[in-house]
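[1] How does the following fold in three dimensions:
(one chain, ligands or ions: 1)
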Amino acid sequence: MGTYESDRYEDVVAALADPALVPEPVPPVAGAVDGAAGGTMAWLRATVARFCAGEPHARRRALVEGELARLAPEAVRRAARARGGCGADDEDVRVTAVAALAACLGYADPEGVARAVTVVAGGYFGGDGPDPAGDEAVRWLLPRVGGDAELAANRIGILVQACDATAALVAHAARGRRAGETVEELLARTLREDPPLRVMRRRAVAATRVGGTEIVPGDTVVLRTAEAAPPSVTLAFGAAPRRCPGEPHALALATGILETRPLGRPGTGCPAPNPRPATAPCPPAQSPAPLKPPGEPEGAPQGRGELRERPPRTGGLRRTDRGSPWSDPSAGSGEVEGTW
Ligand code: HEM
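    Residues are numbered from 1 along each chain as shown. Next up, the predicted model:
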């Protein structure tokens with residue numbers, strides 16, 4: 001089986017839309033598809049939208065979208081801002097972000113939920129062998145999020161998806177902050193210039209072509225989204241049909257957290273008291289304008305930040321399994337800090 005990679009925009013968008021190319025499949029678990037109760041990391045991974053394809057993906061994605069429709073991004077921003085630890089060095093941004101979401105979703109003990117989610121996040125994208133702490137965290141979370149097994153798994157999945165990715169966006173934004181820039185401008189520029197996610201990958205489950213190259217079942221296709229995106233576009237949230245459904249919420253969380261941080265000195269000072277948030281359910285969603293989605297590269301860049309010069313693109317798909325793409329330090333090795 002071969003490994004191919006591309007940093008050409010057309011290849012990346014086409015590959016992400018291709019039903020023959022799916023997220024790295026996870027091992028099947030008995031009961032995961034028919035909705036029987038589970039309670040392990042393996043069961044969770046086999047039951048969420050994130051790792052499946054075809055009809056189960058469509059069904060689970062609809063569950064996710066239904067849940068997220070309950071969350072008004074503006075209320076999420078306020079909840080994150082109220083919880084933001086003013087950039088203290090020991091603030092766990094993952095807990096802040098997930099607790100804000102959990103509170104808006106009406107879950108009891110949002111901080112406890114968030115801490116359990118950080119444990120699950122450690123093994124969500126595949127770990128080495130058994131994960132008893134992750135299994136225990138999944139079992140602890142199930143009754144707290146509620147719903148039948150498939151809904152409960154996807155409720156946990158939403159929180160896990162938000163966890164490391166949002167924290168990485170906040171960290172990248174904080175390190176690139178410029179004087180005179182609004183938080184919205186900062187985030188838009190960060191997503192273009194220093195996205196938390198630089199690379200995605202797909203596994204071929206049927207024969208297909210990417211950029212004219214034949215791909216056979218079992219091949220891996222590595223998509224260099226950060227390099228591929230034209231200047232006015234971000235691929236940081238993926239592309240249809242699996243584009244991140246939590247994009248407005250991610251931006252709201254990051255905005256709320258960054259608003260608690262004084263410019264130029266992340267980790268110090270606190271501009272306002274940090275009251276505990278109300279845990280009332282959120283009003284109906286009112287999404288802010290999304291970032292420019294893939295497929296519409298024309299138009300002015302968002303925000304006022306200058307664009308960093310990109311490394312030259314390589315011009316299409318090439319085979320890379322004679323030198324591992326994962327050893328490339330620019331790709332990173334983690335789920336969020338580089339490769340997805
Ligand atoms: C900056 C933060 C975030 C980034 C960069 C990000 C990025 C992404 C990307 C690239 C995907 C698609 C993965 C693929 O196609 O293989 C995805 C999927 C997903 N994201 Fe996000 N995400 C972020 C935050 C969030 C938040 C806050 C939520 C929930 C509130 C969320 C929920 C989801 C879910 C449920 C999926 C699975 C969708 C599916 O498989 O159809 N994400 N995210």
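
[2] Average pLDDT for stretch 55-73, rounded please.
    On average, the pLDDT along stretch 55-73 is 97.

[3] Now find how far off-centre that stretch is within its chain.
    On the basis of CA atoms, centre = their mean, to the nearest Å, stretch 55-73 sits 15 Å off its chain's mean C-alpha point.

[4] The residue nearest to the spatial centre of the chain and residue 97, how far apart?
    Note on the chain: the residue nearest the mean C-alpha position is residue 165, at 4.6 Å, using CA atoms, centre = their mean. Residue 165 sits 9 Å away from residue 97, going by CB to CB, to the nearest Å. C-betas here are computed from N, CA, C, even on glycine.

[5] repeat for residue 112
    15 Å.

[6] More neighbours: which of those two?
    residue 97 (33 against 16; other CB atoms under 10 Å).

[7] Could you measure from the more buried one over to the ligand?
    7 Å (CB to the nearest ligand atom, to the nearest Å).

[8] what's in contact with stretch 155-167?
    Stretch 155-167 has contacts (CB atoms under 8 Å, 6 or more residues apart in numbering) with 44, 48-50, 64, 67-68, 92-94, 97-98, 101-102, 105, 113-114, 117-118, 120-121, 124, 138, 141-142, 145-147, 196-197, 244, 246, 249-250, 253-254, 335-336.

[9] Filter these down to the buried ones.
    Buried subset of those (neighbour count, 16 or more other CB atoms under 10 Å): 44, 48-50, 64, 67-68, 92-94, 97-98, 101-102, 105, 113-114, 117-118, 120-121, 124, 138, 141-142, 145, 196-197, 244, 246, 249-250, 253-254, 335-336.

[10] Among the residues you listed, which ones are in strands?
    Counted as lying in strands by DSSP state E, out of the buried ones among the contacts of stretch 155-167, are residue 197.

[11] returning to that earlier point: which stretch of helix or strand covers the residue nearest to the centre of the chain?
    Assessed by DSSP states H and E, residue 165 sits inside helix 149-175.

[12] I'd like the next helix or strand past that helix.
    Counting by DSSP H and E, the next helix or strand C-terminal to helix 149-175 is helix 183-193.

[13] which of the residues in stretch 219-235 are buried?
    Buried-residue list, stretch 219-235, by 16+ other CB under 10 Å: 219-230, 232-235.

[14] Among the residues you listed, which pair sits farthest apart?
    Greatest spacing in the buried residues of stretch 219-235, by CB to CB: 219 and 232 (31.2 Å).
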